[in-house]
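> only geometry, no sequence info:
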């Protein structure tokens, strides 16, 4: 007999005389002559109610089934339009496949998110994380669907790199050395010539530089993979391992970049609403009230575009006591982002940032003070995407690298993109976990990735 997945049963909503279901027990309400098993097989956030009675030869055994057990159930699917659930299963056979010890930590009660992080290997069996990680899966498919439908090339950029994009102080070092016996030069420095790659190597903090080289051949490309930073930050929005989406587009200026960011975000939001509706409903009810309204509002919003200077003008004119006073030379704080989002009642692009606080590869504007960079702010999350037009002028780029102390010898191959047929091009980065926080209402990045890696936390 072919197994029926619970999601398919709920999608079809049909009476089935005999069906086979395999899953895990969530709850068991045993009574004198019958009982109710709540079963989930991971295919949906929805649980299947299985009714069993004393006619079953192993009724007494079933009555003692505990949460966490894996079971095999054969029975009839009955429609129940007048009940809370649209259907249920009346069992003719119930068999335990795998026992669950008495100390199984995921019991049928509300657990704190902190407790579930300590049991990250089991938290997928809860409703909350069933919803979050299913939305994550659907959102990943939405990302690929958007770029593939629009003719982008998917590029797998290297995880091990010798290119310094985000600053080597922010990157994990890669070595095969015995750390208790590191070879040194005559000057007492680490002798990287004896290491596997013969030079200092890192785990990537961004696929951008490699992505740009492919954009100079394929026009439109995107990367989607894990990235790593050594930042010792214990905030709710930082992690040392996370996933990034990084498109790079040739023949695209800053205005075109913002068009793509807006179009892509709206596509992803709609795709998730259409393909994970039960999970979004759960998050709306139990994680962030008003989540669906927030997401639907984004779909119908025209994203405002203002310069950094205009943003600071608005903030300074506000009748507001700021913890951090807005400045034309500095970044925009979280409190400033929230004010701007409330002020415009929707998503906001902030562009043309002070050059001294932005990265070396960004395009200088004609004013000599700002660069063609942009951050997208969205209600409920603040900054969601960051991008820029890249500096295509080789001479200007070399001067900027010198100012930022970038060793051009380590990225000379990257400079060839300016030497041989360079053109105006742009790109942005979207932290995937930040996107999942936005789509689910979860307020801690540790709860959007299966096994979070944060300072002092590398369990599992």
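Okay, I see it. Note that the structure is a prediction, hence the values are computed from the model and not measured.
> Residue 120 - how many residues pack around it?
Per other C-beta atoms under 10 Å, the neighbour tally for residue 120 reads 18. C-beta here means a position set from N, CA and C on the backbone, and glycine is covered the same way.
> contacting residues around it?
With contact set as C-beta atoms under 8 Å, 6 or more residues apart in numbering, residue 120 has these partners: 450, 451, 452, 459, 460.
> Out of those, grab the one that's most surrounded.
When neighbours are counted by other C-beta under 10 Å, residue 452 leads the contacts of residue 120 with 21 neighbours.
> residues in contact with it?
Residues in contact with residue 452 (C-beta under 8 Å, 6+ apart) are 117, 120, 239, 241, 445, 446.
> about what we covered before: and which of the contacts of residue 120 is nearest residue 70?
Residue 70 lies nearest to residue 450 out of the contacts of residue 120, by C-beta to C-beta, at 20.2 Å.
> What distance do you get for that closest one to residue 182?
As judged by C-beta to C-beta, to the nearest Å, residue 450 and residue 182 stand 34 Å apart.
> picking up where we left off before, take the contacts of residue 452 and keep only those in strands.
Among the contacts of residue 452, DSSP state E puts residue 241 in strands.
> quick one: which two of the contacts of residue 452 are the most distant?
Largest separation among these by C-beta to C-beta: 117 and 241, giving 14.8 Å.
> Just give the nearest non-adjacent residue to residue 184, would you?
Of all residues not flanking residue 184 in the chain, residue 191 sits nearest, at 5.8 Å (C-beta to C-beta, 6 or more residues apart in numbering).
> so that neighbour touches residue 175, yeah?
No. Between residue 191 and residue 175 there is no contact under C-beta atoms under 8 Å: 11.3 Å.
> can you point me to the longest strand in this structure?
Longest strand in the chain, counting by DSSP E: strand 16-30.
> Tell me the strands beside the helix or strand just after that strand, with direction?
Using DSSP states H and E, the helix or strand that follows strand 16-30 in sequence is strand 34-40. With DSSP bridges as the test, strand 34-40 is paired with strand 16-30 (antiparallel), strand 48-53 (antiparallel).
> contact partners of the shortest one?
Meaning strand 48-53. By C-beta under 8 Å, 6+ apart, the list of residues contacting strand 48-53 reads 6, 9, 21, 23, 33-41, 59, 62, 73, 75, 85, 87-91, 94.
> Tell me how far that strand lies from the chain's centre.
Offset of strand 48-53 from its chain centre (C-alpha atoms, centre = their mean, to the nearest Å): 37 Å.
> Could you do the first one as well?
Here the centre of strand 16-30 is set off from its chain's centre by 32 Å, with C-alpha atoms, centre = their mean.
> From here on, call the first residue 97.
With 97 as the first residue, the last one maps to strand 112-126.
> residue with max distance from the center of this structure?
In the chain, the residue that sits farthest from the middle, by C-alpha atoms, centre = their mean, is residue 151; the gap is 48.5 Å.
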